[in-house]
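> fold the following, please.
(chains A and B, ligands or ions: 2)
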Amino acid sequence: MSAANNPTGGGTGPEPVAPEVTRRGFLRGTLGAVGGVAALAAALSPLKDIDKEDYTLEKFLQKHYKEMTPEEMKKVLARIRKEVEREYKLSPHLRDVKPIDGVQFGYALNLGRCIGCRKCVYACVAENNQSRSPQIQYIRVLEMPRGSVDIERGNHHYDRPTVPDEDHYYMPIQCHQCANPPCVKVCPVEATWQEPDGVTVIDYDWCIGCRYCEAACPYWARRFNFTKPGFPRDEAKSENPCGLNPDMAYLSNRPRMRGVMEKCHFCLQRSREGRRPACLEVCPVGARKFGNLLDPDSEVARILAEKHVFVLKQEVGTLPRFFYYFDQEYPRDIPLSAFKTSATGPALPGTPMTGGEA
Amino acid sequence: MKEYFRFLGRCFRVSFVGDWRYQLWMLVLTFVVLLGVNAYAKQFVHGLIETGMTDQVSWGLYIANFTYLVGMAAAAVMLVIPVYIYRKHELHDLVIFGELFAVAAIIMCLAFVNVDLGRPDRFMHIFWRFNFPRSMLTWDVVALGGYLLLNLHICGYLIYCSYRKRKPHFVFYIPFVFVAIGWAVSIHTVTAFLYVGLGGRPFWNSAIIAPRFLASAFAAGPAFIIITLQIIRRTTAYRITDEALALLRNIVTVALAINMFLLGCELFTEFYTHSAHMASTVYLFFGLRGYHALVPWIWTSIAMNLVAMVILFLPLARSLKYLNLACVLMIVGIWIEKGMGLIVPAFIPSPLGEMVEYKPTLNEILVCLGIWAFGLLLYTIFVRVTVPVLSGRLVSDQVETSGAHPARSGAS
Ligand code: SF4
Ligand code: SF4
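Numbering: from 1, shown residues only, chains lettered A, B, ... in the order given. Ligands and ions are numbered 1, 2, ... in the order given. Got it, this is the predicted structure:
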């Protein structure tokens, strides 16, 4: 095909085929290489600010939570303790709390009582050592217009001098610890999984930060550490200047790092040791109920049996373990008798009934 | 084996040689790559806070570009099919340019996925605990990795054979070519399923997304190749026939028409049924509750695609000038459609109905430009090396040819 094609040019276009290594060429090559390396070094200069503790061999070799032997877990916990001591000047009570046999946690929230004060939101932040700046919160409280459970109509940023507002009700949303969790299914590295007690947890040392789970969650329950979590420091205090909660567990509220996912875990550092979640304890009106779904005498189990509970977005099929119910007359200012209808079926006030009317 | 390394060495050296236009082009690309590296270094240290992404819009430009490039990568098959199935052997060499582009595009894809990770240092975890077959992302890793290897093998083999002046043995490449054709469809489909499989994002829950992916990629990909082929024809002595371009034009025309048809189907389903799930679509096309950042983008994209389609259907497209215009319109139009039109709106409003818009930061844009420049740099080098090999001007010294080889004289 080309024997006739004279490689040294001869009118075939401006296309030198291979370099002739001359002294000049060599000099140019060297200059080019030096310049290239210098430019690359300049481009990489931001890397000098890197936190070297973040890239140790020990961390690189750390195994997935489920593959660690108890011995290895001990070592990892010791390392984390040291890090927390160095970074936050506090010696944490850090351990790996295991799920209890025969327990499946469930949550029930009484929408008829919730007043939208957001105390749960902040109790959670304090208990679970979420980043204060940028702020990460696991619980979102929506202000909902009466007569609708369509969360698209909720107001996320209501700001009133006093709550509750008469024309609204309030709907707190956090991770629903789905029994069929899409977030777990999509994680490419199995960094997040469902524990036997129904709590979906994340191994912060394993997550690669792809945020696929965040896209998959229908309840917007997951939060990403877009940067290293920040805490204001009270320099006057020599111990625990950042005000962290020292009661920590590996899979729950130990301090997180940049670039990993986190979310509500039903305060497993508390609940697995018989205490109740922080959001529940702080609620001033007792709208929150928590317990073991498998124990028929627990408060949640009784609510599930006796109240008309519902779950959000049932149609997406995730089977939440977080239930909502109203236990007051609804809406509050209309007597229940207004809803008593004839055998043609129920209707809300203002909704014209179609057919069946005498 | 030794001969093979010598071949790689010579390719490496050839890639630094060219006229001033080539040198300038490479210099500019290198500069942009370095800008990108710098921006990424910042992001690596401070985290994804350097981007415009938030918990609400948790995927942005990176994933959008990734999606677009997966499509471009698969476009290589559009050149392969007529050559091998309809035996249009005169187009044989062009396949190589398409597949080389696929290689560059896949490398860009992998780069985009990597810069999107919050912990790129833990990338290896994907091999230690591979959530296959449950996670679609692991399917994508398999699909993209396999496609990269297939294409590297096919073009590497064909080019090396040409270098050694051997006749390629069909056993070593025809089966791979056919596997690659099927595989190209799979990279799209799997990437589409990445989104379609998320039940909590109604905007993506449409079976039509995978076919639309294919259609738009088969428009944008060959459009890109039409333009590259002309550049090759202009700047090198390599002969590319008008017939080849005409074939590509036909492919592009049909693909674009199908893409527009599918878009119409989707719009009808969304708007006529008027379901509660159309919030994201309304936001994308008309704005929602006073937010409308994406509206100008999507209409620009639709206008570009429509104009391109009109040009392609008119006899006008026979003139290369208009054909090129149509191609550029399509490449950009489909980029917007895939990026701003497919990825971002799925996050707005959020699953809890919150409206948070997405605005990429400069740093993020620089990273994207850097990756694109890197991909173009790679592709330029590939083409730079391939052209003299295919036209028989760069051949192994172990082959008897009439030409002497200046490259011989260098260091080992
Ligand atoms: S609410 Fe979201 S994060 Fe929680 S288990 Fe369900 S899908 Fe996962
Ligand atoms: S962000 Fe982390 S937990 Fe979520 S899918 Fe990715 S690797 Fe898994």
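> and residue A:217, what pLDDT?
The model reports residue A:217 with a pLDDT of 96.
> let me know the distance separating it from residue A:309.
Counting by C-beta to C-beta, to the nearest Å, the gap from residue A:217 to residue A:309 is 21 Å. All C-beta atoms are positioned from the backbone trio N, CA, C, and that covers glycine.
> now residue A:315: how far from ligand 2?
Using C-beta to the nearest ligand atom, to the nearest Å, we find residue A:315 at a distance of 23 Å from ligand 2.
> ok, residue B:177 next?
For residue B:177 relative to ligand 2 (C-beta to the nearest ligand atom), the value is 35 Å.
> surely that residue meets residue B:155?
No. Counting by C-beta atoms under 8 Å, residue B:177 sits too far from residue B:155 to count as a contact (10.7 Å).
> the one helix or strand residue B:147 maps to packs against which elements?
Assigning secondary structure by DSSP states H and E places residue B:147 in helix B:136-163. Contacts defined by 3 or more C-beta pairs under 8 Å, 6 or more residues apart in numbering or on different chains; DSSP states H and E place helix B:136-163 against helix B:2-14, helix B:61-74, helix B:92-116, helix B:170-196, helix B:362-390.
> is residue A:151 in contact with residue B:352, as I believe?
Yes. Using C-beta under 8 Å, residue A:151 is in contact with residue B:352, at 5.5 Å.
> more crowded one of these two?
Higher neighbour count among residue A:151 and residue B:352: residue A:151, with 22 against 19, using other C-beta atoms under 10 Å in any protein chain shown.
> so which bits of the stretch 51-200 of chain A are right by ligand 1?
A:175-178, A:181-183, A:200 (C-beta under 6 Å from any ligand atom).
> excluding chain neighbours, what is closest to residue B:210?
Distances taken as C-beta to C-beta, 6 or more residues apart in numbering or on different chains put residue B:192 closest to residue B:210, at 3.8 Å, once the chain neighbours are dropped.
> that neighbour contacts residue B:213, doesn't it?
Yes. Using C-beta under 8 Å, residue B:192 makes contact with residue B:213 at a distance of 4.7 Å.
> so the two - more neighbours on which side?
residue B:213 (28 against 25).
> which residues touch that one?
B:71, B:188-189, B:191-192 (C-beta atoms under 8 Å, 6 or more residues apart in numbering or on different chains).
> now do it against residue B:296, distance only.
From residue B:213 across to residue B:296, the span is 24 Å (C-beta to C-beta).
> who's in contact with the lowest-mean-pLDDT helix or strand in chain A?
Using mean pLDDT, DSSP states H and E, the weakest-scoring helix or strand in chain A turns out to be helix A:23-43, at a mean of 82. Residues outside helix A:23-43 that contact it (C-beta under 8 Å, 6+ apart) are A:19, B:16, B:30, B:34-35, B:37-38, B:41.
> circling back to that earlier point, the more surrounded of residue A:217 and residue A:309?
When residue A:217 and residue A:309 are compared for neighbours, residue A:217 comes out ahead with 25 against 17, by other C-beta under 10 Å.
> do you know how far the residue in the stretch 301-412 of chain B positioned nearest to ligand 1 is from residue A:130?
Here the residue of the stretch 301-412 of chain B nearest ligand 1 is residue B:351; by C-beta to the nearest ligand atom that distance is 8.8 Å. For residue B:351, the distance to residue A:130 equals 20 Å [C-beta to C-beta].
> and stretch A:83-98, how far out from the chain middle?
The chain centre lies 21 Å from the centre of stretch A:83-98; the measure is C-alpha atoms, centre = their mean, to the nearest Å.
> output it as CSV, nothing but the C-alphas.
Taking Å, rounded to 0.1, in the frame of the first residue of the first chain, the C-alpha atoms of stretch A:83-98 are listed here in CSV:
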residue,chain,number,x,y,z
GLU,A,83,-7.3,10.3,66.8
VAL,A,84,-10.2,11.7,68.8
GLU,A,85,-7.9,12.6,71.7
ARG,A,86,-5.5,14.3,69.4
GLU,A,87,-8.0,16.2,67.4
TYR,A,88,-10.8,17.0,69.9
LYS,A,89,-8.9,16.7,73.2
LEU,A,90,-11.3,14.3,74.8
SER,A,91,-11.1,10.7,75.7
PRO,A,92,-14.2,9.1,74.2
HIS,A,93,-16.1,6.1,75.5
LEU,A,94,-15.8,4.4,72.1
ARG,A,95,-16.9,0.8,71.5
ASP,A,96,-18.5,-1.4,68.9
VAL,A,97,-22.1,-2.0,70.1
LYS,A,98,-23.7,-5.1,68.7
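> now it: buried residues?
Using 16 or more other C-beta atoms under 10 Å in any protein chain shown as the test for burial, stretch A:83-98 gives A:83-84, A:88, A:90, A:92, A:94-95, A:97.
> also stretch B:20-31?
If you call a residue buried by 16+ other C-beta under 10 Å, then stretch B:20-31 has these buried ones: B:22, B:26, B:29-30.
> tell me who's in contact with residue A:252.
Residue A:252 sits in contact with A:97, A:128, A:201, A:265, A:267-269, where contact means C-beta under 8 Å, 6+ apart.
> so of these, which ones are in strands?
residue A:201 (DSSP state E).
> pick out the most distant pair among the contacts of residue A:252.
Pairwise distances across the contacts of residue A:252 (C-beta to C-beta) peak at 13.8 Å, for the pair A:97 and A:128.
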